[in-house]
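Undergrad: Sequence and predicted model, in that order:
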Amino acid sequence: MKRIFEFGDSLGPDKVVHIYDHHSGLKAILVVDNVACGPAMGGVRMAPDVTTEEVFRLARAMTFKNAVANLPYGGGKAAILANPKVPAAKKETLMRAFGVAIKEITSYIPGPDMGTDEACMAWVQEETGRAIGLPSAVGGIPLDEIGVTGYGLSVVADVASEFCSIDLSTAKFVVQGAGSVGLHTASFLAARGALLIGVTDSQGTLFNPDGIDIDQLTELKRQGKSVLDYADGGKLSRDAVIDIPCDIWIPAARPDVIDADNVNRLKTKLVIQGANIPFTAKAEQICHDRNILVIPDFIANVGGVICGAVEYGGGTKEIAFQTIEEKIRKNTTLMLENVASTGKLPRQIAIEIAEQRIRRATAYRSKRHGPGLQLIA
Ligand SMILES: NC(=O)c1ccc[n+]([C@@H]2O[C@H](COP(=O)([O-])OP(=O)(O)OC[C@H]3O[C@@H](n4cnc5c(N)ncnc54)[C@H](O)[C@@H]3O)[C@@H](O)[C@H]2O)c1
């Protein structure tokens, strides 16, 4: 318990709530980190082993992500301590119990995260009246289907390529992770003329210097096959994706895939982070020293959360794409101009932009605070 009180700093958390419901068996943690810019928006993760400290760190990441995207929302995160593969009826019971428990905590707007999906959000929304990432049948925008996060990464590529002398219409790129983010990013980049020459999934790497057909690859993945089942091209080990020379390298799989030990194998000019924290801090510093431009996750992969904000405001998918284009173009340009004039790390500049926006909003907020820790049983 003592550690919970050690998280606090000048930004938050605003609330740490531990939930236990005897009837449903629900055990959950909610951290509302900062609400200066608006109610805290962030996902509900379902996993058996998440700690309060992790939920706090994820909530803080949402505070920065929402602020840097200039959304009228703060940051929060929740975790339901359960196996995400529980039978559907049990999952519904847990999600609804969670909804009932957080109904009065109106400073938190839940969304999907690892282990929860749009059906989970529909159940929570029915109990609370608020949630993002809903099924389209109840007013949601199907963000993974239309690829908003990948679209955002392609806008980043368009802006950042000018800062590192890449011609996007002839650029060669490599994607680590042939999932929702990776494949949609590949299609949107191909639509701008760039050529996909390497792609990996958990089975291995596909490499073809003449280019890989993204529609064919997407169809293979839809059928549950691996990138290694693609007919043309070389088949390499999973980690060989790091060694492929290219103009743009896109991590879109797992955290911490590039660290101080393997970062020097990268032969690229630009990295656009689709996954969350795919590089360690040391690896980002080494890239900076080697003149490889790294666009940090919370600048590059905000398409999903912007789409959620548009959905929450009753907007359409067309408005979502337009808002993503406008916000990501503006924020990436602002960050890169600051990087060019100060020589600081892109991530450091992005954090400074987020903190400045939060502090400006804080100036308009009352200094009165509610209890920071609640136990609901
Ligand atoms: N979906 C979104 O809108 C969104 C938004 C922001 C951030 N993210 C982050 O982006 C990442 C990818 O998300 P997604 O929705 O595309 O997931 P996904 O599950 O659809 O795809 C992940 C892909 O990575 C591959 N993979 C897994 N481990 C690997 C490894 N060690 N090496 C290479 N490939 C590996 C998998 O085979 C799969 O092809 C995650 O870190 C997620 O948190 C996603």
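TA: Ah, there it is.
Undergrad: Can you tell me the SS state at Ala190?
TA: Following DSSP: H, G, I helix; E, B strand; the rest coil, we place Ala190 in the helix state.
Undergrad: Quick check, it in contact with Val199.
TA: No - Ala190 is not in contact with Val199 according to C-beta atoms under 8 Å; the separation is 11.8 Å. In this view, the C-beta of every residue, glycine as well, is placed from N, C-alpha and C.
Undergrad: So the two - more neighbours on which side?
TA: Val199 (29 against 18; other C-beta atoms under 10 Å).
Undergrad: these two touch, right, that one and Phe173?
TA: No - counting by C-beta under 8 Å, Val199 stays clear of Phe173, with 9.5 Å between them.
Undergrad: overlap in contacts of the two?
TA: Residues touching both Val199 and Phe173 (C-beta atoms under 8 Å, 6 or more residues apart in numbering) are Ala186.
Undergrad: Distance from the lengthiest helix in the chain to the middle of the chain?
TA: In the chain, with assignment by DSSP state H, the single longest helix is helix 317-342. The chain centroid and the centroid of helix 317-342 are separated by 16 Å under C-alpha atoms, centre = their mean, to the nearest Å.
Undergrad: What of stretch 12-28?
TA: From the chain centre to the centre of stretch 12-28 is a distance of 24 Å (C-alpha atoms, centre = their mean).
Undergrad: quick one: average confidence on it?
TA: Mean per-residue pLDDT for stretch 12-28: 96.
Undergrad: Could you pull out the buried residues of that stretch?
TA: 12-19, 21, 24, 26-28 (16 or more other C-beta atoms under 10 Å).
Undergrad: any chance of these in CSV, with secondary structure and distance to Ser154 too?
TA: Output for the buried residues of stretch 12-28, formatted as CSV (DSSP: H, G, I helix; E, B strand; the rest coil; distance: C-beta to C-beta, whole Å):
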residue, secondary structure, distance to Ser154
Gly12, coil, 33
Pro13, coil, 34
Asp14, coil, 35
Lys15, strand, 37
Val16, strand, 37
Val17, strand, 38
His18, strand, 41
Ile19, strand, 39
Asp21, strand, 43
Ser24, coil, 42
Leu26, strand, 40
Lys27, strand, 40
Ala28, strand, 36
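Undergrad: Phe298 falls within a helix, correct?
TA: Yes - Phe298: assigned to a helix according to three-state DSSP.
Undergrad: wait, Ile166 sits on Lys269?
TA: Yes - counting by C-beta under 8 Å, Ile166 touches Lys269, with 5.9 Å between them.
Undergrad: Good, wrapping up.
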